[in-house]
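Student: Generate a structure from the sequence data that follows.
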Amino acid sequence: MSEASPTWVRYGQPAGRWVLLASVLGSGMAFIDTTVVNVALQRIGSDLDASASGLQWTVNGYILSLAALILLGGSLGDRFGRKRMFLIGVV
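Tutor: Residues are numbered from 1 along each chain as shown. I've put the predicted structure just below:
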């Protein structure tokens, strides 16, 4: 039973810098996405006549669905390749 040895990313090399840049941009996209939801809460509350409790349910629903998709993306990344799933997720 042989296992492939892991390949380590060296951040001093160009490929490592691209991995680092992609990670930072992906994290930034998630941060901006969450910020948009929080900024829109006031408008959502006024349009739907939602209370603070209702808005908390909205945020919880968003976070729960995001967490589920992150777990699914991680699982699919293990199966089909991290790079491919990252690009699909960004698109």
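Student: Which strands and helices lie in contact with the longest helix along the chain?
Tutor: Selection of the longest helix in the chain by residue count, based on DSSP state H, yields helix 14-48. Packing contacts for helix 14-48, counted by 3 or more CB pairs under 8 Å, 6 or more residues apart in numbering; DSSP states H and E, involve helix 52-80, helix 82-90. All C-beta atoms are positioned from the backbone trio N, CA, C, and that covers glycine.
Student: go with 6 Å
Tutor: On a contact count with 3 or more CB pairs under 6 Å, 6 or more residues apart in numbering; DSSP states H and E, helix 14-48 meets helix 52-80.
Student: what angle do the helix it packs on and helix 14-48 make?
Tutor: Helix 52-80 and helix 14-48 are oriented at 150 degrees to each other (axes from the mean of the first three to the mean of the last three CA atoms, to 10 degrees).
Student: what angle sits between helix 52-80 and helix 82-90?
Tutor: 150 degrees.
Student: still on that earlier bit, buried set for the longest helix of the chain?
Tutor: residue 19 (16 or more other CB atoms under 10 Å).
Student: what about stretch 39-55, how long is it end to end?
Tutor: With CA to CA, to the nearest Å as the measure, stretch 39-55 spans 12 Å from end to end.
Student: any idea how far the residue nearest to the spatial centre of the chain is from residue 75?
Tutor: For the chain, the residue nearest the mean C-alpha position is residue 30 (5.0 Å; CA atoms, centre = their mean). According to CB to CB, to the nearest Å, residue 30 and residue 75 sit 18 Å apart.
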